[in-house]
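Asks: Quick one: sequence and predicted model below, then my questions.
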Amino acid sequence: MNRIRTAPPRYWLVALTLVFFLGFPTVISSFLASEWTQALILAIAIMGLNILVGYSGQLSLGHGAFMALGAYVSAILAHRYKMDYLVTVPIAAVFTGGVGFLFGIPALRLSPLYLALATFALAVVTPSLIKRPAGLTGGVQGILVLQPDPPDFAREAFAFVTGTAMTSDQWIYYITLLLAVVLFWLAWNLVRHRPGRAMRAIRDGEVAAAASGVNVAGYKTLAFGISAFYGGTAGSLFALSTGFISPDTFPVSLSIQLLVGAVVGGLASIPGPLLGAIFAFFLPIGSNQWVPSQTWLPDQITSTVKNAGPAVSYGVVLILIMMFAPNGIVGLLRSGYVILNRRLRGASDPKTGQMPPDPQTV
Amino acid sequence: MGRKAPGFAAVAAFLLSVGACGGGITPTTQTDVGITSNSILLGTTNALSGAAAAYGTIANAENAYFTHVNNNQGGVNGRKITFKILDDGYNPAQTVPLTKQLVEQDQVFAMFSGLGTQTQTSVREYLNSKKVPQLFVATGATTWGKDFNSNQWTLSWQPPYQGEARIYAKDVLANHPNASIGVLYQNDDYGQDYLKGLTDGLGDKASTMIKDKESYDVTAANPFAQLTKLKGAGVDTVFLFSTPKPTIQSLAFITAGLHWEPTIYLNSVSNPQVYMGLAAKSGAALKNVTSVGYIKDPTDPQWAGDEGMKLYKQVIANCSTCNVNDGFNIYGVAVAYTMVDVIKQAGSNLTRANIMKIASSQLNESNPFLLPGIKVTTTSSDHFPIMQEQVITWAGTGWKLQGSLIDERGTIK
């Protein structure tokens, strides 16, 4: 009991978040649950990107390509070889992780700007590449992915809680949630231990890290591999949740969306990708439907902005966040918490007025 | 902070109990979802933004026709039509959640005129399993009519690309029997559909007449290299199976870049007069250009006194952002006309199943916005609503109708 009483507030936040995500689908419609599934999937992909960009300091503009790879591996295995879809998720993740690891090897030779360009090129060619082996990928016709019916135990548990039958969308939500929790927990472990420290050392000074005995090349490719592993998992789940994939499902803008989510949420933090994903997923949808419905906006503005509604509001919010919260939403919350804490119980360090640095943020 | 812990625990327990007590919302299954005594709710997804945003105006034009019917006729059989338009940016990954939203949250009666082949394919399985009509999809892919039997809740409206390409084949065989043909096509189902129709239409002459086929990707900046190859292959007749942007680029490049004067066949997707004007402005000579049409062209002076065109102009005035001369707008008004016609025919039996039955097998409509003589027809064995088109040639400032309507009904198996 004493241990629970003395647990740091972040543990309570984690527990609260978990309870929220577990209970949420029981009060919202199946459709909204499917939207939140997509947000969680983005969170997984962004977490992968966060490990690469935030922790190891390598920029990638092509993470949508890893999602596409994972999605197609799963869809092809499930569609052509009639495998159970859930079995294909880890296969897709491991396969994509392997490809990411291999991609990390030539990436070692590229300086940050060129690496960004190379990964961007990867994102650009992906839709065209998918189209070529039309026999395997279905070409532009895409592949339909059948959504699984919830198993009996889940159906009964859900019916016990809500009194209504569980839909496929809600079942997929819980699968995604489970994987997201596991992957976030793994990432949290990773960054607190040796590999995480090594990656941060490389990010902050490659020469210094090498001089301290860190295997720079090894950890850099490892970061690529892990990051692609997350991307592959996300892609595989993405195909499952939308029920259909085609080359246009993975446009260049998806890769940009992931990077925006990572930056807005807060790089090099664990809750950052979740917040960034919620932002990156719901802002375009919300603004898309909000802007045209606003009657007070003059016609000239709505008629020109209407079509570009998501893009414009995306840009505006992005600029505002970068101006007022350069460390993302997490950075903003953290500094807000520090200020609040200081107000409530006085500064922790009376001499400087500073809170001691949180070991997690270093 | 430890002292605050029990407080958090209480909040967590409260949230948990909220989760436990709240009842889930499930879509109600009744035969007339989306219909009340005085309203009908239809939904659509269209590309209002993104690379294909030029098509977005179709949805607004459709809405303009529904507004016209609501205001001037008091709706259809006393029910006013509400049309909810969502923007999927031409991305199938967006189409799926938006369509789910329209079906499950907004509870639309039917999906109407969703735009794009990949985007509409992505929700075909879903809508068919939910038995929600996916009516008059705005794409000419042949699959909609051809695979109707396995997807009985999905129907298209416009002539299929393969049927159109067969008309070009007929025209070439009649007017240029010795042509040596080069084809430029977009490397996707749309371009391949056209190519297949042309090859099938030319029959055993296809292998000798088609000298070269070059494809480009949708994402390509321009098709100049492919055109240069076609010229190098020595062809004298060029088929452009391409969307508006690459078509305009091609027309200009053939004249200004290659100094070439082949006979040109242009697919109907890219033949609205607006695009021809843009091509001319970029230096295209536009000599010997042939295409086909099935809708009246709003800029063609021969329709100035036409009743259908007068009605179109009156209807489109309801849409402040619609350009009256844009061929896509009259398309939208025409397809909305068919939709209203179907709902009218359903009368008091306004169920999803009955709407599908009428649309897919009992249509026999003269549409005032289509070329005279065209009938929008479906029977129990034929699910291509429009199968008649007419050859048109470019006459400097506008398209000129040639010959008479060509009917391709029954040629696509």
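Replies: Cool, the structure landed.

Asks: Every contact and neighbour count from this point should use C-alpha atoms.
Replies: Will do.

Asks: who's in contact with stretch A:72-80?
Replies: Applying C-alpha atoms under 8 Å, 6 or more residues apart in numbering or on different chains, the contact partners of stretch A:72-80 are A:83-85, A:88-89, A:91-92, A:136-137, A:143-145, A:236, A:239, A:245.

Asks: So among those, which ones count as buried?
Replies: Burial by neighbour count, 16 or more other C-alpha atoms under 10 Å in any protein chain shown: within the contacts of stretch A:72-80 this picks out A:85, A:88-89, A:91-92, A:137, A:143-145, A:236, A:239, A:245.

Asks: Run a quick neighbour tally on the residue in the stretch 251-400 of chain B that chain A sits nearest to.
Replies: In the stretch 251-400 of chain B, the residue that lies nearest chain A is residue B:321 (6.7 Å; C-alpha to the nearest C-alpha). For residue B:321, the number of neighbouring residues by other C-alpha atoms under 10 Å in any protein chain shown comes to 15.

Asks: Near chain B, list only the ones from the contacts of stretch A:72-80.
Replies: A:144, A:245 (C-alpha under 8 Å from any C-alpha of the partner chain).

Asks: Which stretches in chain A count as strands?
Replies: A:143-144, A:244-245 (DSSP state E).

Asks: Adding mean pLDDT as columns, could you present these in JSON lines?
Replies: Converted to JSON lines, those look like this (pLDDT from 0 to 100):
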{"stretch": "strand A:143-144", "mean pLDDT": "86"}
{"stretch": "strand A:244-245", "mean pLDDT": "89"}
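
Asks: quick one: which of those strands is nearest residue A:63?
Replies: strand A:244-245 (16.6 Å; C-alpha to C-alpha).

Asks: Output the contacting helices and strands for that closest one.
Replies: strand A:143-144, helix B:92-100, helix B:117-130 (3 or more C-alpha pairs under 8 Å, 6 or more residues apart in numbering or on different chains; DSSP states H and E).

Asks: Make JSON lines out of those and add distance to residue B:289.
Replies: Listed next are those as JSON lines, based on distance: least, C-alpha to C-alpha, whole Å:
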{"stretch": "strand A:143-144", "distance to residue B:289": "38"}
{"stretch": "helix B:92-100", "distance to residue B:289": "34"}
{"stretch": "helix B:117-130", "distance to residue B:289": "27"}
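
Asks: Indicate which one of these is closest to residue A:215.
Replies: It's helix B:92-100; of the helices and strands packed on strand A:244-245, that one is closest to residue A:215 (C-alpha to C-alpha) at 39.9 Å.

Asks: Show me what the top helix by length along chain B is packed up against.
Replies: Once chain B is assigned using DSSP state H, the helix that runs over the most residues is helix B:327-346. For helix B:327-346, the packing partners by 3+ C-alpha pairs under 8 Å, 6+ apart come out as helix B:57-73, helix B:307-316, helix B:352-361.

Asks: 7 Å instead?
Replies: helix B:57-73, helix B:352-361 (3 or more C-alpha pairs under 7 Å, 6 or more residues apart in numbering or on different chains; DSSP states H and E).

Asks: Before we move on, what's the pLDDT of the residue most central in space within chain B?
Replies: The centre of chain B sits closest to residue B:138, judged by C-alpha atoms, centre = their mean, with a distance of 2.5 Å. We have a pLDDT of 94 for residue B:138.

Asks: list the contacts for it?
Replies: Residue B:138 is in contact with B:113-116, B:156, counting by C-alpha atoms under 7 Å, 6 or more residues apart in numbering or on different chains.

Asks: possible to save those as a markdown table with neighbour count, secondary structure and pLDDT?
Replies: Below are the contacts of residue B:138 laid out as a markdown table (neighbours: other C-alpha atoms under 10 Å in any protein chain shown; DSSP: H, G, I helix; E, B strand; the rest coil; pLDDT from 0 to 100):
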| residue | neighbour count | secondary structure | pLDDT |
| --- | --- | --- | --- |
| B:113 | 28 | coil | 96 |
| B:114 | 28 | coil | 96 |
| B:115 | 24 | strand | 94 |
| B:116 | 24 | coil | 90 |
| B:156 | 28 | strand | 95 |
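
Asks: Pop out the phi and psi values for the nearest residue to residue A:145 once chain neighbours are set aside.
Replies: Distances taken as C-alpha to C-alpha, 6 or more residues apart in numbering or on different chains put residue A:243 closest to residue A:145, at 4.6 Å, once the chain neighbours are dropped. Main-chain dihedrals, residue A:243, degrees, to the nearest 10: phi 80, psi 0.

Asks: still on that earlier bit, for residue B:317, find the nearest of the helices and strands packed on helix B:327-346.
Replies: helix B:57-73 (7.7 Å).

Asks: Just the local confidence number for whatever residue of the stretch 101-250 of chain B ends up closest to chain A, please.
Replies: Residue of the stretch 101-250 of chain B nearest chain A, by C-alpha to the nearest C-alpha: residue B:122 (5.4 Å). Here the pLDDT value assigned to residue B:122 is 89.

Asks: List the contacts of it.
Replies: A:244, B:92, B:96.

Asks: just residue B:70 next, same as before
Replies: Counting by C-alpha under 7 Å, 6+ apart, residue B:70 touches B:80-81.

Asks: Likewise for the one 4 residues further on?
Replies: With contact set as C-alpha under 7 Å, 6+ apart, residue B:74 has these partners: residue B:80.

Asks: What parts of chain A come near chain B?
Replies: Counting by C-alpha under 7 Å from any C-alpha of the partner chain, the positions of chain A adjacent to chain B are A:5-7, A:9, A:12, A:16, A:19-20, A:23-24, A:26-29, A:31, A:35, A:140-141, A:161-164, A:242, A:244, A:248-249, A:303, A:307-308.
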